[in-house]
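Trainee: Quick one: sequence and predicted model below, then my questions.
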Amino acid sequence: MELLEQQVQALIEERDDLVVLLDTNGFVLLANNKWINYCPQREWPAFSRKIGMDYLGFLKKTRNLVELENIQDMLQGKAQKHFQLNPSYTGDRTEWLSTKYRSFPLDDGSNGVILYQQPVNLQSVSSLHNEHILENMTDAFYLLDHQMNFYFLNAQSEQLLHCQRENLIGKNLWAAFPETTKTALYPNYNRAMQERVPVKFTEYYKLLDSWFTVRVYPIENDGLAVYYQTISKQLAIEEGLGKFACADYLTGLPTRRKIEEEIGALLQKDTPFSLLYLNLDNFKYINTFYTHKNGDKVIKSIVARLKKLIDAQDLVGRLEGDELVIVRRHRKDNDVLAFTKKVSTLFNQPFSLGCSNFVDVSASIGVISCPADSQEFVDLMTYSEIAMRKAKGQKGSSFCIFDSTMSDNLTRRMLIEQSLTEDLKSLGFYFAIQPQIDAATSRVRGVEVLARWHHPELGMISPIEFIAIAEETDTIERLTEHLMVDVFSYMKTRENQYGSMLPTAINITPSLLDSTTFFDKLFSMLDNFGISPTLIEIEITESVELRYSETTLTNLLACRAKGISIALDDFGTEFSSLAYLLDFPVNKIKMDKSFINKIGYDPKSEAVLKSLIQFVNSVDCALVAEGVEQAHEALFLTMNGCNIHQGYLYDKPMLPKVFDEKYLNTYRLTSASKTALSLLPVLRS
């Protein structure tokens, strides 16, 4: 027996790969020196390199659950062979081992397993050798670039994701699977990308009723390698993972499953209670501008405050990333309103990020009291969400109690949300054009394009409504790209037919400013259409507070480097700040119409407006007054140094065809604007 063992040892020493043999219990029988010497590179402890070590126990201890389950299957005769890629993070880089598993018979009739391992360089997937390895893995695997775009998926990944790779390659992960932004994947992937550290976690995916173990590793092209596989329910139970299906991974709070169980029990006993649905307003911007690590810290702080407000009769749970619920049993006084006010006031004080940094967070709260019209959990959640959406229409932390008239609003919103995910070409989106007039020369100096939507079922939808929903549902990027294609097509057609293109302003929301993908697509579109970037102006709309971030600054500097103008819209409103002129490369200011409309009626507003015009001119920024509706407004602006006007005095937004007919070549103005402009020389004198 000793001679046979020596012969086997000699054979495995001759191999170029790393070899280890396991007995039927998963203990190491033999291993070649290449494997023993490689173990320290994987940062394995000394005991793991010894013959006789409990290899399966080590996998269990280090939570390598997929490899553990694969080997167990072969030891039990459920499989004869297996192939997978095993990542390890050493120092500042990720190394990969391609591993072939083969079962072999032992003298007592049981099975052992032999592992053949080889280091693999995955930086070049185009290599036929590497592509063959990845394609033949029995575990799911994909690669993401530095912008979270797919650039490789193997066959197993296609099967688990229920998508063909040609439909995913080049697409952004979060755009392709928006629902994952509300799972543990989102913070973990972003942490791996931003901090360049490996991340490993186990996640329960309700739609597939499966547990997944996921490993995310940074790779040299600044992207990520993602290796994942399902694990059996039995192993999940053995590992004590079952509790996580009912407990939030970050806060330990009950998840939707547990909340549903608790509410079901209350309904069955006819116990009166109220359900409070909390949504943290614009929380994604906190994750974006302050990092996901700080976002998690804020979530924990919010939960800590909520726990101080409730007692053992109540339940606080977390539905998704920025959504919490409170199940409040009714007391004798049944003062739900007073309790909800207390919850709302918890957000009056800012939340600490450490190092004397604080952030303000507001919440929208929807409330439904039971017994209600329905005794179904899904309906109660829907009703409370409807009320929460209603509360979002108010400023700051606010709440709303559900009534039956709100149902129609939710139906409308759901239809809009669904439509924004469908083929936008057939849904009635288009753009209108409004001219910007030089009052001194009576000529068109540029145009602003404005999104419009005539929905097939709902008719005209206000941009305020559908843009806000697109922002909240992360469909704003695809909508903006769709409209830009139409705008650039129009600009190119105008040049081909008439030999000219006007400077064109496009509205960009704050979330797009911080996108890692949007501006590359914008620059590519300009190249493809042959449009000079100097003809494009980006208007930063301020639907929410614009915050400084390195990504936003980098994107805007890239625009300025290409000659794209940056305009700050609605200047002077509550969200605007003079600090933006210091933080960002803004070279144009659009004065908000709320100032313009007070000309002739409010001397204080006129004084402020004069000061703002002087200030903007002093910092060498171009200036546009929007919302100009009266001749006396145009006169005041022109006499105080603001010549570029936009508003109904000159023309309302119109279809491109109408604009061409009215302004092409002649730049003709409406009769009202002609009259106003003709009076300016007289009035000046």
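Mentor: Nice, I can see it. As the structure is a computational prediction, the values presented were derived from the model and not from experiment. Residues are numbered from 1 along each chain as shown.

Trainee: So which residues of the stretch 51-200 of the chain form strands?
Mentor: For the stretch 51-200 of the chain, the strands defined by DSSP state E, counting those that start in this stretch cover 81-90, 93-105, 111-120, 140-144, 150-153, 199-205.

Trainee: Present those strands as CSV; the columns should include mean pLDDT, distance to Ser611 and mean neighbour count.
Mentor: The way it works is simple: take the backbone N, C-alpha and C, and place the C-beta from them, glycine included. As requested, the strands of the stretch 51-200 of the chain are exported to CSV (pLDDT from 0 to 100; distance: least, CB to CB, whole Å; neighbours: other CB atoms under 10 Å):
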stretch, mean pLDDT, distance to Ser611, mean neighbour count
strand 81-90, 65, 57, 18
strand 93-105, 75, 56, 18
strand 111-120, 82, 65, 19
strand 140-144, 87, 50, 23
strand 150-153, 86, 52, 20
strand 199-205, 77, 52, 18
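
Trainee: can you list those strands in a markdown table and add distance to Thr382?
Mentor: A markdown table is the format used below for those (distance: least, CB to CB, whole Å):
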| stretch | distance to Thr382 |
| --- | --- |
| strand 81-90 | 42 |
| strand 93-105 | 44 |
| strand 111-120 | 49 |
| strand 140-144 | 34 |
| strand 150-153 | 34 |
| strand 199-205 | 23 |
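
Trainee: got the contact list for Lys598?
Mentor: 605-606, 609 (CB atoms under 8 Å, 6 or more residues apart in numbering).

Trainee: Looking at the residues you listed, spot the one nearest Ile540.
Mentor: Among the contacts of Lys598, Leu609 lies closest to Ile540 (CB to CB), at 20.8 Å.

Trainee: wait, isn't the closest one in contact with Ser594?
Mentor: No. Applying CB atoms under 8 Å as the test, Leu609 and Ser594 come out as separate, 10.3 Å apart.

Trainee: Show me which of those two is the more surrounded one.
Mentor: Per other CB atoms under 10 Å, whichever of Leu609 and Ser594 has more neighbours is Leu609, with 22 against 13.

Trainee: So the more buried one lies in a helix, does it not?
Mentor: Yes. Counting by DSSP: H, G, I helix; E, B strand; the rest coil, Leu609 is part of a helix.

Trainee: Next, find the distance separating it from Ile596.
Mentor: From Leu609 across to Ile596, the span is 8 Å (CB to CB, to the nearest Å).

Trainee: Tell me where the stretch 251-400 of the chain has strands.
Mentor: 273-280, 315-320, 323-329, 351-354, 357-359, 363-370, 398-401.

Trainee: Just put these in TSV and tack on mean neighbour count, distance to Gln229 and mean pLDDT.
Mentor: Listed next are the strands of the stretch 251-400 of the chain as TSV, based on neighbours: other CB atoms under 10 Å; distance: least, CB to CB, whole Å; pLDDT from 0 to 100:
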stretch	mean neighbour count	distance to Gln229	mean pLDDT
strand 273-280	24	33	93
strand 315-320	20	24	87
strand 323-329	21	29	92
strand 351-354	15	36	84
strand 357-359	13	38	84
strand 363-370	24	38	91
strand 398-401	20	43	88
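
Trainee: Where is the longest helix in this protein?
Mentor: Longest helix of the chain, by residue count under DSSP state H: helix 476-498.

Trainee: Could I get the CA-only coordinates of that helix as CSV?
Mentor: C-alpha atoms of helix 476-498 as CSV (Å, rounded to 0.1, in the frame of the first residue of the first chain):
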residue,chain,number,x,y,z
ILE,A,476,-34.7,58.4,-17.1
GLU,A,477,-31.5,57.4,-18.9
ARG,A,478,-33.2,55.3,-21.6
LEU,A,479,-35.9,58.0,-22.0
THR,A,480,-33.3,60.8,-22.4
GLU,A,481,-31.3,58.7,-24.9
HIS,A,482,-34.4,58.0,-26.9
LEU,A,483,-35.3,61.7,-27.1
MET,A,484,-31.7,62.7,-27.9
VAL,A,485,-31.7,60.4,-31.0
ASP,A,486,-34.8,62.2,-32.2
VAL,A,487,-33.3,65.7,-31.5
PHE,A,488,-30.0,64.9,-33.2
SER,A,489,-31.8,63.4,-36.2
TYR,A,490,-33.8,66.6,-36.5
MET,A,491,-30.6,68.8,-36.2
LYS,A,492,-28.8,66.8,-38.9
THR,A,493,-31.8,66.9,-41.2
ARG,A,494,-32.1,70.6,-40.8
GLU,A,495,-28.4,71.0,-41.7
ASN,A,496,-28.7,68.8,-44.7
GLN,A,497,-31.8,70.6,-46.0
TYR,A,498,-31.1,74.2,-45.1
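
Trainee: Could I get the buried residue list for it?
Mentor: 476-477, 479-484, 486-488, 490-491, 494-495 (16 or more other CB atoms under 10 Å).

Trainee: what's the closest of those to Gln76?
Mentor: Nearest to Gln76 among these, with distances taken as CB to CB, is Glu477, at 48.3 Å.

Trainee: check contacts around that closest one.
Mentor: 175, 511-512, 515, 517-518.

Trainee: of the residues you listed, buried ones?
Mentor: By 16+ other CB under 10 Å, those give 511-512, 515, 517-518 as buried.

Trainee: Check those residues and tell me the two furthest apart.
Mentor: Ser511 and Thr517 (11.8 Å).

Trainee: Out of the contacts of Glu477, which sit inside strands?
Mentor: Using DSSP state E, no member of the contacts of Glu477 falls within strands.

Trainee: Please identify which of those is nearest to His330.
Mentor: Nearest to His330 among the contacts of Glu477, counting by CB to CB, is Ser511 at 39.8 Å.

Trainee: Confirm for me that the closest one is in contact with Lys284.
Mentor: Yes. Using CB under 8 Å, Ser511 is in contact with Lys284, at 7.3 Å.

Trainee: Just the buried positions in stretch 292-307, please.
Mentor: Within stretch 292-307, the residues that count as buried by 16+ other CB under 10 Å are 292, 294-299, 301-303, 306.

Trainee: For that stretch, what is the distance to the chain centroid?
Mentor: Centroid separation for stretch 292-307 versus its chain: 19 Å, with CA atoms, centre = their mean, to the nearest Å.

Trainee: Kindly report the same for stretch 414-430.
Mentor: For stretch 414-430, the distance to the chain centre is 19 Å (CA atoms, centre = their mean).

Trainee: buried set for it?
Mentor: 416, 419-420, 424, 428-429.

Trainee: Contacts for that stretch, please.
Mentor: With CB under 8 Å, 6+ apart as the test, stretch 414-430 has contacts from 451-458, 461, 465-466, 469-470, 473, 475, 478-479, 482-483, 486, 655.

Trainee: Ala432 belongs to a strand?
Mentor: Yes. Using three-state DSSP, the secondary structure at Ala432 is a strand.

Trainee: which ones are touching the residue nearest to it when sequence neighbours are not counted?
Mentor: Of all residues not flanking Ala432 in the chain, Pro653 sits nearest, at 3.7 Å (CB to CB, 6 or more residues apart in numbering). Shown in contact with Pro653 (CB under 8 Å, 6+ apart): 432-434, 450, 452.

Trainee: Spatially, which two of those are the most separated?
Mentor: Gln434 and Arg452 (11.5 Å).

Trainee: rewinding a little: and the buried ones among the contacts of Glu477, which is closest to Tyr648?
Mentor: Scanning the buried ones among the contacts of Glu477 for proximity to Tyr648, where the rule is CB to CB, the winner is Leu512, at 28.1 Å.

Trainee: If anything else comes up later, I'll come back, but that's it for now.
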